[in-house]
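> Below is the sequence, then the predicted model.
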Amino acid sequence: MFVPWVLATFVGIAAARSASSIDFTPVNEFTFQLLDNTYAFQENFGTKNIALSPLSVWSLFALLAEGSSGDTFSELVSALRLPTDLSKTQCLHSAATDVLKSQYQDIIVKGQSAMFTECSTKVHDEFCQSALRYETSIYSAETKNTTELAHDINVFICYATDGRILNAVKPQDLDNLRMVLIDALYFKANWTHPFDPTQTKVEAFYNSQGKTIGSVNMMYHKASHDVGDAGEISAQVLEMTYGKNEEFSMLIILPFDGVPVKTVLHNLATKSQNWMTDFKTEPRLPPFDTFIPRFRLSSRQDLIPPLMYSGITSIFDRTKANLPGIADNPLYVTSSIQNVEVEVNEEGTVAAAATVVGLEDRNLGMRFEANKEFIFLIKQRSCNVVLFAGVYGEPSVV
Ligand SMILES: *[C@@H]1O[C@H](CO)[C@@H](O)[C@H](O)[C@H]1NC(C)=O
Ligand SMILES: *[C@@H]1O[C@H](CO)[C@@H](O)[C@H](O)[C@H]1NC(C)=O
């Protein structure tokens, strides 16, 4: 049974030993902006469940920023909130990589990235060095054989996500690509305080007006968590930790009664992030009744529209993309797809994401796109006589 529900959830990357001194506020700002824009975009299509891995997107586009200049560079710096100084940006990027590469006692976190490039594309050494600095494996591929390329990419992603994401790309997604950047993220952890499956019961689920819109398998336990109101974002926040050392957590951000999730998303994108620590009460409350739905989300998201809402536009434009630092061929980004799977149950959480960014040659092949007013003629070819003529200037979907 399909159960519609709305809940803003994300896996919060709480702390990592080696990266704990770095301030990730700029990365989170990008995250909240992307989440808000993605929700707004999806809502137009009636989709209310979304799942994203903004860190993967941030990391891929931060790498592209190293090969960009002009407007393409300034848009990336501003939307990704990159420090203007390259060494600080590299520090932030490396710290994000470290969070995903560290070993944790009872939590699995794996971040893997790769770059597949067409053999004849002369990728600049500096760009390869940048990619290697973020532990991106580089593969040379015959990109014209999209069947083989899709297979190689899917094997990479399947392995990197422990089999959670199987067919991330199809051969037809890869037509004309010169370069493909991939970022895969896998997270698996048990709750610090697991739920007892025998206590899980079917319960109603409501919209922001308090109307029943479906049911869920509601899990229950009595446990001690950080919880509290975050007035600035109009929501109540619960933090449930993973593992013995509580190094990762899930924050559940539940809008105040009558407040739509959209308002809270907008608050997250525009207000300061102080709520992330301010909602906690000191000391932590004694154990209390906690109800969380068991859920599974699976999403495939085209990231270009929400990234464009976030202000990144020229990199997707064949005539304006400015990526001289990547390769001799002038490239631009033509696809940016993210697959995400999230499963939350009594034991814990498994979440996997695969982001695939494809770049085409701006000069590759001739292109004709009748996307503005045009004139048409129908003629007999051997004597060259026009039988019909017209103008098409008012579009309609027929
Ligand atoms: C998570 O919990 C399950 C069930 O209790 C257990 O089998 C598994 O070993 C646990 N995993 C870790 C990493 O502790
Ligand atoms: C593409 O690669 C597949 C798998 O390696 C191979 O079987 C096929 O013949 C190749 N196609 C072309 C056109 O080279």
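That came through, no problem. Ligands and ions are numbered 1, 2, ... in the order given.

> on contacts alone, who are the packing partners of the helix or strand harbouring Pro306?
Assessed by DSSP states H and E, Pro306 sits inside helix 304-309. In terms of contacts (3 or more CB pairs under 8 Å, 6 or more residues apart in numbering; DSSP states H and E), helix 304-309 is packed against helix 25-43, strand 331-344. In short, each C-beta sits where N, CA and C put it, glycine included.

> Could you tell me the angle between the next helix or strand after the last one and strand 331-344?
The reference is to strand 331-344. Of the helices and strands lying after strand 331-344 in sequence (DSSP H and E), the nearest is strand 348-361. If you take axes from the mean of the first three to the mean of the last three CA atoms, to 10 degrees, strand 348-361 sits at 170 degrees to strand 331-344.

> Strand 348-361 packs against which elements?
Other elements packing on strand 348-361 under the criterion 3+ CB pairs under 8 Å, 6+ apart are helix 54-66, helix 146-160, strand 177-190, strand 331-344.

> Let me know which of those is the nearest to ligand 2.
Nearest of the helices and strands packed on strand 348-361 to ligand 2, taken as CB to the nearest ligand atom: helix 146-160 at 3.6 Å.

> so what's the residue of the stretch 51-200 of the chain found nearest ligand 1 closest to, chain neighbours aside?
Proximity of the stretch 51-200 of the chain to ligand 1 (CB to the nearest ligand atom) peaks at Asn190, 3.7 Å away. Spatially, and ignoring its direct neighbours in sequence, Asn190 is nearest to Gly348 (3.9 Å; CB to CB, 6 or more residues apart in numbering).

> measure that neighbour to ligand 1 for me?
6 Å (CB to the nearest ligand atom, to the nearest Å).

> what's near enough to touch that residue?
With contact set as CB atoms under 8 Å, 6 or more residues apart in numbering, Gly348 has these partners: 188-191, 194, 242.

> Out of these, which end up buried?
By neighbour count, with 16 or more other CB atoms under 10 Å, these hold 188-189, 191, 242 as buried.

> Which pair of these spans the longest distance?
Taking every pair in those and measuring CB to CB, the maximum separation is 11.9 Å, between Lys188 and Trp191.

> tell me, what's touching these two both at once?
Common contact partners of Lys188 and Trp191 (CB under 8 Å, 6+ apart): 348-349.

> Contact partners for Lys244?
Going by CB under 8 Å, 6+ apart, Lys244 touches 105-106, 192.

> now it, what's its secondary structure?
At Lys244 the chain is in coil, as set by DSSP: H, G, I helix; E, B strand; the rest coil.

> same deal with Pro324?
Secondary structure, three-state DSSP: Pro324 is coil.

> residues from the chain in reach of ligand 2?
Applying CB under 6 Å from any ligand atom, one finds that the chain approaches ligand 2 through 145, 147-148.

> ok so, going back, buried deepest among the helices and strands packed on helix 304-309, which one?
Counting by mean count of other CB atoms under 10 Å, strand 331-344 has the highest mean neighbour count of those, with a mean of 22.

> angle of that strand against helix 25-43?
80 degrees.

> Can you give the distance of strand 331-344 from its chain's centre?
Distance of strand 331-344 from the chain centroid (CA atoms, centre = their mean, to the nearest Å) equals 6 Å.

> Which elements pack onto that strand?
On a contact count with 3+ CB pairs under 8 Å, 6+ apart, strand 331-344 meets strand 8-12, helix 54-66, strand 177-190, strand 295-302, helix 304-309, strand 348-361.

> picking that back up, which among the residues of the chain next to ligand 2 count as buried?
Buried members of the residues of the chain next to ligand 2, scored by 16+ other CB under 10 Å: none.

> Tell me who's in contact with Leu238.
Taking CB under 8 Å, 6+ apart, one finds 225-227, 251-252, 254, 290 in contact with Leu238.

> right, I mislabeled it, should have said Ile182
Going by CB under 8 Å, 6+ apart, Ile182 touches 113-116, 153, 156-157, 354-357.

> Any idea what it is bridged to?
Beta bridges link Ile182 to Ala114, Val356 when assigned by DSSP bridges.

> doesn't His266 fall inside a helix?
Yes. Assessed with three-state DSSP, His266 lies in a helix.

> doesn't Leu35 make contact with it?
No. Counting by CB atoms under 8 Å, His266 stays clear of Leu35, with 10.2 Å between them.

> Residue numbers of the stretch 151-300 of the chain in contact with ligand 1?
So the stretch 151-300 of the chain meets ligand 1 at Asn190 (CB under 6 Å from any ligand atom).
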